[in-house]
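> Take this sequence and fold it.
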Amino acid sequence: MTRLPAIDPETATGQAKQLLDGVQKKLGFTPNILRTMANSPAVLQGYLNFSTALSKGSLSPKLREQIALVVAQNNECEYCLAAHAAIGRTVGLSEEAIRDSRRGESPDAKEAAVLDFASTLVVNRGWVTDAEIAKLRKAGVTEGEIAEIIANVSLTLFTNYLNHVAQTEIDFPAVEALAVA
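All right, here's what the predicted structure looks like:
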């Protein structure tokens, strides 16, 4: 059972209504996580603004979803795993790439370095070594991309934590547990 209600777009009022209507128009549906954020229009607006800003950065939509998947896996956020697997499919991630991303792996050296760094950020609460930054640079990751990786990790941490607290009802196809190697 959810702890925070998902606001019904049909009964929402004011800024919450405007924001939820905008989400519906853009996506064709209103995910429960955004309906839950609508309890505070400031939170929903902030999330939408941050997400939109990051979508205009240098990281590809595919890589942003891969980052979200590895972060959600590290945080055991079932909602975000389901959501980002579904979104990942729409931006070209195969089922294998989705599984690999959740494990922090990729056959592409740059993607692998980014996913490893994102995972390290989560596990070490943002503390990284000079060697970890050097590994990113060696893989061809720019300073701007490093900043965007951190921002994308932060955005996913926010949604993971919101879902943990709210116990948001999953409205995307569930993902299977990863097989332990």
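
> What residue spans form the domains of the protein?
14-55, 61-166 (automatic domain parsing).

> winner for burial among these?
The highest average neighbour count among the domains of the chain, using mean count of other CB atoms under 10 Å, belongs to domain 61-166 at a mean of 18. Every residue, glycine included, has its C-beta placed from N, CA and C.

> these two touch, right, residue 146 and residue 132?
No. With contacts defined as CB atoms under 8 Å, residue 146 does not count as touching residue 132, sitting 10.2 Å away.

> Show me the common contact partners of those two, please.
Residues touching both residue 146 and residue 132 (CB atoms under 8 Å, 6 or more residues apart in numbering): residue 117.

> I'd like to know how far the nearest residue in space to residue 45 that is not next to it in sequence sits from residue 5.
Distances taken as CB to CB, 6 or more residues apart in numbering place residue 19 nearest to residue 45, at 6.2 Å, with adjacent residues excluded. Residue 19 sits 16 Å away from residue 5, going by CB to CB, to the nearest Å.

> so where do the helices sit in the protein?
14-27, 32-37, 41-55, 61-74, 78-90, 95-103, 109-123, 130-138, 143-166 (DSSP state H).

> Can I get those in a markdown table including mean pLDDT and distance to residue 179?
Below are the helices of the chain laid out as a markdown table (pLDDT from 0 to 100; distance: least, CB to CB, whole Å):
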| stretch | mean pLDDT | distance to residue 179 |
| --- | --- | --- |
| helix 14-27 | 96 | 32 |
| helix 32-37 | 98 | 27 |
| helix 41-55 | 98 | 31 |
| helix 61-74 | 98 | 13 |
| helix 78-90 | 97 | 15 |
| helix 95-103 | 97 | 9 |
| helix 109-123 | 98 | 18 |
| helix 130-138 | 98 | 27 |
| helix 143-166 | 98 | 22 |
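
> Figure out which of those is closest to residue 174.
Nearest of these to residue 174, taken as CB to CB: helix 78-90 at 5.3 Å.

> Report the angle between that closest one and helix 143-166.
130 degrees (axes from the mean of the first three to the mean of the last three CA atoms, to 10 degrees).

> And helix 78-90, how far out from the chain middle?
8 Å (CA atoms, centre = their mean, to the nearest Å).
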